[in-house]
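Visitor: I'd like to go over a predicted model; first the sequence, then the structure.
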Amino acid sequence: MANSKYEYVKSFESEDEVMYPNLIVVRIYGCNFARFSQVNEFEKPNDERALNLMNCCATSVLEKYPDIILAYGFSDEYRQFIINYAPCSFIFKKETKFYQRRASKVLSLIVSFFTSLYVAKWGQFFPHKEMRFTPSFKSRIICCPSMEVLQAYLAWRQRECHSKNQYNTCFWMLIKSGKSETEAHDILKGTQKQEKNEILFQQFGINYKNLPSMYRQGSCILKTEVDETVKILENESPVKRLKKTVKIVHSENIASRSFWNDYSHLCKELGCFEQNVNNIKHEYMKLFQSENKLLPFTWIVIRIDGSHFHRFSEVQGFEKPNDEQALKLMNSCAVSVLEEFNDIVFAYGVSDEYSFVMKKNTQLYQRRSSEIVSAVVSFFSSAYVIKWKEFFPRTELKYPPNFDGRAVCYPSNDIIRDYLAWRQVDCHINNQYNTCFWMLVKSGKSTREAQSLLKGTQAQEKNQMLSQLFSIDYNTLPVIFRNGSSVFWDKEMMVTDNGTVAKSHKKVVVEHPNIIDEDFWGAHPFILEVTS
Ligand SMILES: Nc1nc2c(ncn2[C@@H]2O[C@H](COP(=O)(O)OP(=O)(O)OP(=O)(O)O)[C@@H](O)[C@H]2O)c(=O)[nH]1
Ligand SMILES: [Mg+2]
Ligand SMILES: [Mg+2]
């Protein structure tokens, strides 16, 4: 399709490929889950339903993406100051070429799918509890340069599981026995493993080792190959083939040679463990915790895009070329995103994509790229599944959709405006093409004929085609289709008692203005104004 003069903004996008032979681990964890688990009254210290829901989502992630070989998750129960709920790590096979190993694509697609699943499957695990509050997760890539590092990573995760679960079990037993939260923390401060076990045994008659292994050891979700009998021959000998299945196991030490090397599939796709690890090197901990930050004093755009929405819109029977309800659902999710993330000042959406502009001086998550991208894409995905019924009351959601996301920095107001213009020009070009294409198809042409009739045509010719063949004046088509949707905080001017003009936020609005020309920006100067 035609290029526009705004295409240059693409050059601001940077490469973020995780280079081979690094192993890719995607780690996800709950966002603000202290609040989510409280509002939804999760049982403490472990809510079995919540853990099973998480395991079920992780299983579906493994089933959807063949390149993910293993997932490990556990419950890091809500405690004061701790918001790192339900951490789960997904490990890709060494040879993966998933989305050309681009970090933001990989981490966003996985967290988005996990979130959609979490919302869609909620009712199966909490049948009598309506979900309150939009759940969302963050994700990041942990890049493991060798099997030794992966082994250290898994050992670290499982140690966290052991120690957190032991602490939480003691903590909540103390609370149940009448202690205040502060008293319980004080009792446990500085205690070693052994002492905690003694508290549990002596005060509460609990043998820690007898607690369910899912709580103590976490859950490994892995692909295994099993022999499956396909048919029985006449001579009664069975014909077998290898079938991949996903299973959940709980094991004392997932980073041990004996556990790992027992699963031939893990060794084949990732590699074997040479020896057991005892101490996790300090340098590795730095590697597990390092994160890239986005350039300071630049506008940040987080662009999300529906994954395989061509298929999704077919399956859901969206109207062609534009389904107004589908677009309104996208818009409604964008409104929720603006309400949730104060630093997002503007959003522009078309088709299955949305661009969110975050103010230049935002300090959200210390400008850590993966945290920002994952939190936004996950929140959007969650809202999409939650709001589906509101926009499609008669169409069931056939499968949970997911979105990819990326963050790009733009240094000046002119360039951020060119970025938005680029997206709107794209909207014009695509919409005009799609409108002609579907009119031709609806009039009886094959898709190939329609394509060849439109090949190389300019905007003018397409407009003529629409008006001459179908009596359609392109400019009278709904503006939401032609211009896409802009979402922003509408400000109200208020004159205060002393006569000065003050501005206050009113509410988030969805409009369909031309954002290429000056008029809109002249009338809304506050959107790209840099305020502290
Ligand atoms: N029928 C219909 N389809 C839509 C609508 N909005 C988006 N789509 C579909 O979603 C696709 C979006 O294009 P892309 O984002 O480039 O393609 P994709 O299939 O999502 O593939 P990836 O984004 O690469 O994963 C369009 O090609 C349409 O097939 C709509 O309102 N109606
Ligand atoms: Mg798409
Ligand atoms: Mg798209």
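Guide: Right, received. Where do you want to start? Ligands and ions are numbered 1, 2, ... in the order given.

Visitor: Point me to the helix or strand that includes the most centrally placed residue in the chain.
Guide: The chain has Ser112 as the residue nearest its centroid, 2.7 Å off, counting by C-alpha atoms, centre = their mean. Per DSSP states H and E, Ser112 falls inside helix 103-125.

Visitor: if we can go back for a sec, what's the spacing between the residue nearest to the centre of the chain and ligand 2?
Guide: Using C-beta to the ion, to the nearest Å, we find Ser112 at a distance of 12 Å from ligand 2. Using the backbone N, CA and C atoms, a C-beta is placed for each residue, glycine as well.

Visitor: And Asn278, by the same measure?
Guide: For Asn278, the distance to ligand 2 - C-beta to the ion - is 47 Å.

Visitor: can you list the residues of the stretch 101-250 of the chain near ligand 1?
Guide: Residues of the stretch 101-250 of the chain lying close to ligand 1 by C-beta under 6 Å from any ligand atom: none are found.

Visitor: Excluding sequence neighbours, find me the nearest residue to Ile142.
Guide: Closest residue to Ile142 apart from its sequence neighbours, by C-beta to C-beta, 6 or more residues apart in numbering: Val25 at 4.1 Å.

Visitor: again, but for Phe437
Guide: Nearest residue to Phe437, sequence neighbours excluded (C-beta to C-beta, 6+ apart): Ala450, at 5.1 Å.

Visitor: who's in contact with the one you found?
Guide: 436-437, 440-441 (C-beta atoms under 8 Å, 6 or more residues apart in numbering).

Visitor: Backbone dihedrals for the spatially most distant residue from the centre of the chain, please?
Guide: Distance from the C-alpha centroid of the chain peaks at Asn235, with 52.2 Å (C-alpha atoms, centre = their mean). Here is the backbone geometry of Asn235 (degrees, to the nearest 10): phi -80, psi 10.

Visitor: swap in Ala71?
Guide: According to degrees, to the nearest 10, Ala71 has phi -130, psi 150.

Visitor: Then Val249?
Guide: Dihedral angles of Val249 (phi, psi; degrees, to the nearest 10) stand at phi -130, psi 150.

Visitor: Name whatever forms a beta bridge with the residue nearest to Ile142.
Guide: Ile91, Ile142 (DSSP bridges).

Visitor: still on that earlier bit, of the contacts of Ala450, which belong to strands?
Guide: Taking DSSP state E, every one of the contacts of Ala450 sits outside strands.

Visitor: which among these end up buried?
Guide: 436-437, 440-441 (16 or more other C-beta atoms under 10 Å).

Visitor: Dump those into a markdown table; add distance to ligand 3 and pLDDT as well.
Guide: Formatted as a markdown table, these follow (distance: C-beta to the ion, whole Å; pLDDT from 0 to 100):
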| residue | distance to ligand 3 | pLDDT |
| --- | --- | --- |
| Cys436 | 19 | 97 |
| Phe437 | 16 | 97 |
| Leu440 | 22 | 96 |
| Val441 | 20 | 96 |
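
Visitor: buried set for the longest strand along the chain?
Guide: In the chain, with assignment by DSSP E, the single longest strand is strand 219-232. Residues of strand 219-232 classed as buried by neighbour count (16+ other C-beta under 10 Å): 219-223.

Visitor: Which one of those residues is nearest to Ser382?
Guide: Using C-beta to C-beta, Ile221 comes nearest to Ser382 of the buried residues of strand 219-232, at 21.5 Å.

Visitor: Settle this for me: that closest one is touching Ser251, isn't it.
Guide: No - the pair Ile221 / Ser251 is not scored as a contact, 11.9 Å apart, by C-beta atoms under 8 Å.

Visitor: before we move on, what SS does Trp422 have?
Guide: helix (DSSP: H, G, I helix; E, B strand; the rest coil).

Visitor: That one touches Glu13, doesn't it?
Guide: No - applying C-beta under 8 Å as the test, Trp422 and Glu13 come out as separate, 11.6 Å apart.

Visitor: Which one's more surrounded, these two?
Guide: Trp422 (20 against 14; other C-beta atoms under 10 Å).

Visitor: wait, what's in contact with that one?
Guide: 4, 6-7, 9-10.

Visitor: Kindly report the same for Gln151.
Guide: Applying C-beta under 8 Å, 6+ apart, we find Gln151 in contact with 255, 260, 273, 277.

Visitor: Throw the residues you listed into JSON lines and include neighbour count and pLDDT, thanks.
Guide: Shown next, in JSON lines, are those (neighbours: other C-beta atoms under 10 Å; pLDDT from 0 to 100):
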{"residue": "Ala255", "neighbour count": "22", "pLDDT": "95"}
{"residue": "Trp260", "neighbour count": "23", "pLDDT": "94"}
{"residue": "Phe273", "neighbour count": "21", "pLDDT": "93"}
{"residue": "Val277", "neighbour count": "20", "pLDDT": "86"}
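
Visitor: Do a quick rundown of the strands in the stretch 151-300 of the chain.
Guide: Ranges of strands within the stretch 151-300 of the chain are 219-232, 238-249, 299-306, based on DSSP state E, counting those that start in this stretch.

Visitor: Relative to ligand 3, which of the ones you listed is closest?
Guide: Closest approach to ligand 3 among the strands of the stretch 151-300 of the chain (C-beta to the ion): strand 299-306, 4.4 Å.

Visitor: and the next helix or strand after the closest one, is it in reach of ligand 2?
Guide: Next along the chain after strand 299-306, taking DSSP H and E as the criterion, comes helix 309-315. Yes - shown here: helix 309-315 in contact with ligand 2 (C-beta under 5 Å from the ion) through Phe309.

Visitor: check whether helix 309-315 contacts ligand 1.
Guide: Yes - interface with ligand 1: helix 309-315 contributes 309-310, 313 (C-beta under 6 Å from any ligand atom).

Visitor: What mean pLDDT does whichever helix or strand comes after that helix get?
Guide: Remark: after helix 309-315, the chain's next helix or strand is helix 324-340, criterion DSSP H and E. Across helix 324-340, the average pLDDT comes to 98.

Visitor: Stretch 50-59 too?
Guide: For stretch 50-59, mean pLDDT is 94.

Visitor: Go through that stretch and flag the buried ones.
Guide: So stretch 50-59, judged by 16+ other C-beta under 10 Å, has buried residues 50-59.

Visitor: Close to ligand 1: what parts of the protein are there?
Guide: Checking the chain against ligand 1 by C-beta under 6 Å from any ligand atom, the hits are 305-310, 313, 318-323, 326-327, 351-352.

Visitor: List buried residues within the residues you listed.
Guide: When those are checked for burial by 16+ other C-beta under 10 Å, the buried set is 305-307, 309, 313, 318, 321-323, 326-327, 351-352.

Visitor: possible to save those residues as CSV with distance to Glu130?
Guide: Below are those laid out as CSV (distance: C-beta to C-beta, whole Å):
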residue, distance to Glu130
Asp305, 30
Gly306, 27
Ser307, 28
Phe309, 28
Ser313, 29
Phe318, 28
Pro321, 36
Asn322, 33
Asp323, 28
Ala326, 25
Leu327, 27
Ser351, 32
Asp352, 28
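
Visitor: Those also near ligand 3: which ones?
Guide: Counting by C-beta under 5 Å from the ion, 305, 351-352 from those sit close to ligand 3.

Visitor: Turn the residues you listed into JSON lines, columns for distance to Thr531.
Guide: Output for these, formatted as JSON lines (distance: C-beta to C-beta, whole Å):
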{"residue": "Asp305", "distance to Thr531": "29"}
{"residue": "Ser351", "distance to Thr531": "31"}
{"residue": "Asp352", "distance to Thr531": "32"}
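
Visitor: show me which of these neighbour ligand 2.
Guide: Contacts with ligand 2 within those, counted by C-beta under 5 Å from the ion: 305, 352.

Visitor: in the stretch 1-150 of the chain, what spans have low per-residue confidence?
Guide: Applying pLDDT under 70 to the stretch 1-150 of the chain picks out residues 1-3, 76-86.

Visitor: what about the strands in it?
Guide: Under DSSP E, counting those that start in this stretch, the stretch 1-150 of the chain gives strands at 23-31, 68-73, 88-92, 136-144.
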